[in-house]
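1. Fold the following.
(2 chains)
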Amino acid sequence: MSALLDIASLSVAFDGKPAITDVTLQVAAGDSVALVGGSGAGKSTVARAVAGLVTPTAGRIVFDGVDLTAVPQRRRRAARKGMHLVFQDPYASLPPTLRVGDIVAEPMVIHRIGDRDSRRQAAVAALESVHLRPAESFLQRYPHELSGGQRQRVAFARALVTRPKLLLADEPTSGLDASLRLEIVDLMGELAVSENMAVVHITHDLALAARSCRDIVVMQGGRIVEAGRADTVLADPAHEYTAALVGAVSGV
Amino acid sequence: MNVNRLTIVGTRTRSQRLALVGAVLLGALLLCAISAPWLAPFDPTERVTRPFAAPSAEHWLGADDVGHDLLSMLIHGARISLFVGIVAAVIATAVGTIVGVVAGYARGVVDTVLMRIVDVVLALPVLPLTIVIGVFAGPGLRTQIMVISAVLWAGLARELRAQVLTLRERDHIQAERAMGAGPGYVLWRHIAPSVVPLVVPQFVLTIKTAVLLEASLAFLGLGDISAASWGSMLSMAHARSAFLTDAWIWWVIPPGVAIAVTVLAFALLGNAIEERSHPILLPAKRSRKKAATAPAPVDPDVDAGAPLVIDDLTVVYGQDGRGATGVGFTVGAGELVALVGESGSGKSTVAAATMGLLPPAAQIVSGAVRVDGRDVAGMSPAELRGLRGNRIALIPQEALSALDPVYTIGSQIDEAVLAHRSCTRAQARERTLELLADVGLEADRVDAYPHQLSGGMRQRVVIAMALANEPDVLVADEPTSGLDVLREAEVLALLDELRVRRSLALLIVTHNLPVVERIADRIAVMKDGELVEIGTAEQVVGSPTHPYTRKLVESAPRLRPSLQEVFS
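-> Alright, predicted model coming up:
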């Protein structure tokens, strides 16, 4: 069986300095994988390379049978319909001049899906799935009128409208207050099941990773140092860096 | 709250009213310009009265040196001035916007080529350039418009390019690109609307400059001689000795006023447009804050002699609402108290009050903060400076912005030492090296610049600066934000160790309960400006009494059995 996302020997360098080196990673349809590591580990760079925001210096990214590193620009953009990247900071990732209804429907506009009415319906349905109810009351509001948690829900609603097969979430909870973090992570898990999406959750918090994902991939210094089932990795970390991360979260 | 809402509504109608004034003024000017042939009582090029005639019932503004009716000249002048000003500004703004946006978004070679052209245009002196182009192309309206647009677009292009460069890296634009949006779509739907609010005031200023430049060009003889603008009227008045007679009052002031009114009208309208295209400037539909009903808990272990005493503190921000209401607790020597709460809970207000660093809008209405028994609120600025750094020190949130990027960390710690004691540079450096050792940094880091250190190391530098003068009280405001979990644990362990070794009263302000629950002696929980719970870490985490605390405890993800389970 071929994986939904197949990253092979991927390397990215910024101004000659390697950010990630030789990263190989597979995500099957419906899978949930947590990418864990400290700051500078390169976990965000992996997601940004998959989303096409940075250009790989070497390696291959195959998504849904399309080699994103080989096909022309236009086909690459079309392939992005099948994936969505949710950013860390909901205060920055939503366009401040658009209303929530337009923000959520935007991926459909970009990929020319549906007409005005069907887009609106899709936006309402997506807002309902992220528990922003009544959805109609949110359509006309601007991001600055929402709380941080509501904004991140809007960002997730935007991720749903094109029914992507892969959801990339780059630290989606670290810009939020503590009491909202679990809500958002649980929402992500719930959506993954209901929409049958594969999820790559990037986080530095092992406890959140374990809660949201079946597999954990640990990165350090731009390389993958350990990968495996979440419970195995946590119970018996093979790499000392993983052990240190486990120790930091659970205290001594 | 009510008062505040009224003022917001008041500002809104005021800016709308001003926009209306601008629109009316502009409408009147445009109407004047369009209907000049019918509106003007005389032909402005015909001699209708004696030279230098004073204003009369027939000639409201009198006549110039030849006997032309000045009112008719003024009305006809509006045509030329507005036409040249607006057309030149439209061309300059359009060219400048396209060049700036394309250069900023495309980057690379396109950017380099376009910006070098901009540099050349900006480097050329305006006046000689206009004279050269003018002489080369011959006088006339077309020459004026061409010259004015040619010198005005470059500044706008450069300014917009800088804006687009930063805009391009914003998360929401990156999000669009990640969704598969092409450059055309991103430019049109997202960059353009964000750029419009920047272009509008520039456009207004460009019209103003264009109207003024037109006057200069007319003065230089590059205008259309058959069609006198306001600028030509001014230059004619100057050239034909209006200032030697009383005629300047009705010859110079009216066109001057006309130019001023035109600029004002564009400015009023421009501001309103800027506000509309920028919804964050509009008043938000806020819901009223719910009034809290539960009585605030009182610290059961109040120790009036503690190094830090916060006594029934109430802080109010302007008319906007309460920063903190009736907050009271103490931090004893060698004690670590964690002040936990989410954004808007008032925890940072309390932290700022302990340092005497409340913003001007904030006011302590009751209660007090006492450091070593002295009330911080009653201190003079000089006394406060003596207190800060000496008896009480702050570890600010962002280590990177708290450090000066152009000095080595050694010299910055030296400064902190020298600020409060008289000693030689050599002695200060000695102390600096001790401090570095205390916070676990190697001595050879002393000559490093902040950007050469990792986030965790920078936080250690900031802690060293806070300790420079052996304070009794240390306030740490989110000391680990921006650090990853490993660095976070290290920094907290360091703070914990230091407060024991130096018997510091340590107050850690944080939104993250799990990271402090293992090291804090006591935990104070704040919500909506009130202290909702305070007690030992065991009490607060093991058996929270307030529903909010319970939610906070339960919502913290944990890998292993938490304190809650250990203690219960």
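2. Give me the neighbour count for residue 111.
-> In the absence of a named chain, chain A is used. Residues within reach of A:His111, counting by other C-beta atoms under 10 Å in any protein chain shown, total 18. (Each C-beta comes from the backbone N, C-alpha and C, glycine too.)
3. Can you look at chain B instead?
-> That count, for B:Asp111 with other C-beta under 10 Å as the rule, works out to 17.
4. dump the residue contacts of it.
-> B:Ala103, B:Gly104, B:Arg161 (C-beta atoms under 8 Å, 6 or more residues apart in numbering or on different chains).
5. That one: what secondary structure?
-> Secondary structure for B:Asp111, judged by DSSP: H, G, I helix; E, B strand; the rest coil, is helix.
6. ok, it to chain A distance?
-> Counting by C-beta to the nearest C-beta, to the nearest Å, the gap from B:Asp111 to chain A is 17 Å.
7. ok, back up a step: would you mind giving the contacts of B:Asp111 as TSV with neighbour count and distance to B:Val199 added?
-> Below are those laid out as TSV (neighbours: other C-beta atoms under 10 Å in any protein chain shown; distance: C-beta to C-beta, whole Å):
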residue	neighbour count	distance to B:Val199
B:Ala103	25	15
B:Gly104	25	13
B:Arg161	22	13
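8. which one among those gets closest to chain A?
-> B:Gly104 (17.2 Å; C-beta to the nearest C-beta).
9. which SSE is that closest one in?
-> Following DSSP states H and E, one finds B:Gly104 within helix B:70-106.
10. quick revisit: turn the contacts of B:Asp111 into CSV, columns for distance to B:Ser235 and pLDDT.
-> Listed next are the contacts of B:Asp111 as CSV, based on distance: C-beta to C-beta, whole Å; pLDDT from 0 to 100:
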residue, distance to B:Ser235, pLDDT
B:Ala103, 37, 92
B:Gly104, 39, 91
B:Arg161, 36, 92
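11. quick check, nearest of these to A:Asp89?
-> Taking C-beta to C-beta as the measure, A:Asp89 lies nearest B:Gly104 of the contacts of B:Asp111, at 22.3 Å.
12. Enumerate every residue touching the closest one.
-> Residues near B:Gly104 by C-beta under 8 Å, 6+ apart: B:Asp111, B:Leu160, B:Arg161, B:Ala162, B:Gln163, B:Val164, B:Leu165, B:Leu167, B:Arg168.
13. Past the helix or strand harbouring B:Ile117, which element shows up next along the chain?
-> Assessed by DSSP H and E, B:Ile117 sits inside helix B:108-123. Counting by DSSP H and E, the next helix or strand C-terminal to helix B:108-123 is helix B:126-137.
14. Buried ones in that following helix, by neighbour count?
-> Within helix B:126-137, the residues that qualify as buried are B:Val126, B:Thr130, B:Ile131, B:Gly134, counting by 16 or more other C-beta atoms under 10 Å in any protein chain shown.
15. same thing with stretch B:97-114?
-> Neighbour counts over stretch B:97-114 (16+ other C-beta under 10 Å) mark B:Thr97, B:Val99, B:Gly100, B:Val101, B:Val102, B:Ala103, B:Gly104, B:Tyr105, B:Asp111, B:Leu114 as buried.
16. cool, stretch B:541-550 as well?
-> Residues of stretch B:541-550 classed as buried: B:Val541, B:Gly542, B:Pro544, B:His546, B:Tyr548, B:Thr549 (neighbour count, 16+ other C-beta under 10 Å).
17. try stretch B:348-366
-> Neighbour counts over stretch B:348-366 (16+ other C-beta under 10 Å) mark B:Ser348, B:Thr349, B:Val350, B:Ala351, B:Ala352, B:Ala353, B:Thr354, B:Met355, B:Gly356, B:Leu358, B:Ala362, B:Ile364 as buried.
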